[in-house]
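**Student:** this one's structure only:
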């Protein structure tokens, strides 16, 4: 990573600024409650085990930290992160979650997306999590999986490979505009 920033001092300054920006956006906890960093959860064979970035010691919050060079489209949590947070909720029972996106180039911006796991709509969605985990653990996953080529990220101008991937694969039309050939005369069908 140091080679990306020119010097160790520059890199460490960026890391410090990014960490400070993230710390400023952590949920405020009541007196006596603290954060556990990277606790391992593995409650059920129907859920995915993993390390939660931050879990409140009173189990009131889970926080997943995402450092990135750009904010997610529309200011919304990415779908994969939402699924992950729902799995963490089912593993812990924490009623609230936050996905915290932080600028990886020095903490110039942050985006905190809170999730209320007690809301009716999220409660209706949660039964899908064990189904996803079962699907991902299936012996037939590799037989039925297909690449996520040409998804929405191909059109949001973020991916630097669209010219050699999407544009090379998907044919482009010939836009002749006004004055193009227009059939005339009698047509029989």
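**Tutor:** Happy to help now that I have it. All of these numbers come straight from a predicted model, not from anything done at the bench.
**Student:** May I ask which helix or strand of this structure has the lowest mean pLDDT?
**Tutor:** helix 2-5 (a mean of 70; mean pLDDT, DSSP states H and E).
**Student:** Give me the buried positions along that one.
**Tutor:** Residues residue 5 are the ones in helix 2-5 that count as buried (16 or more other Cβ atoms under 10 Å). The C-beta positions use only the backbone N, C-alpha and C, and glycine is treated the same way.
**Student:** Show me what the next helix-or-strand element following that helix is packed against.
**Tutor:** Using DSSP states H and E, the helix or strand that follows helix 2-5 towards the C-terminus is helix 8-24. Counting contacts by 3 or more Cβ pairs under 8 Å, 6 or more residues apart in numbering; DSSP states H and E, helix 8-24 packs against helix 2-5, strand 61-68, strand 96-103, strand 110-116.
**Student:** What pairs with the second one, parallel or antiparallel?
**Tutor:** Strand 61-68 has these partner strands in its sheet, going by DSSP bridges: strand 54-56 (antiparallel), strand 96-103 (parallel).
**Student:** Would you mind finding the most buried of those strands?
**Tutor:** strand 96-103 (a mean of 22; mean count of other Cβ atoms under 10 Å).
**Student:** In contact with the residue of the chain most remote from its centre, which residues?
**Tutor:** Most distant residue from the mean C-alpha position of the chain: residue 186, 56.6 Å away (Cα atoms, centre = their mean). If you count contacts by Cβ atoms under 8 Å, 6 or more residues apart in numbering, residue 186 has none.
**Student:** quick check, it in a helix?
**Tutor:** No: Residue 186 is assigned coil when assessed by DSSP: H, G, I helix; E, B strand; the rest coil, not a helix.
**Student:** thinking again about what came up before, can you check which of the helices and strands packed on helix 8-24 gets nearest to residue 84?
**Tutor:** The closest of the helices and strands packed on helix 8-24 to residue 84 is strand 61-68. By Cβ to Cβ, the value is 6.6 Å.
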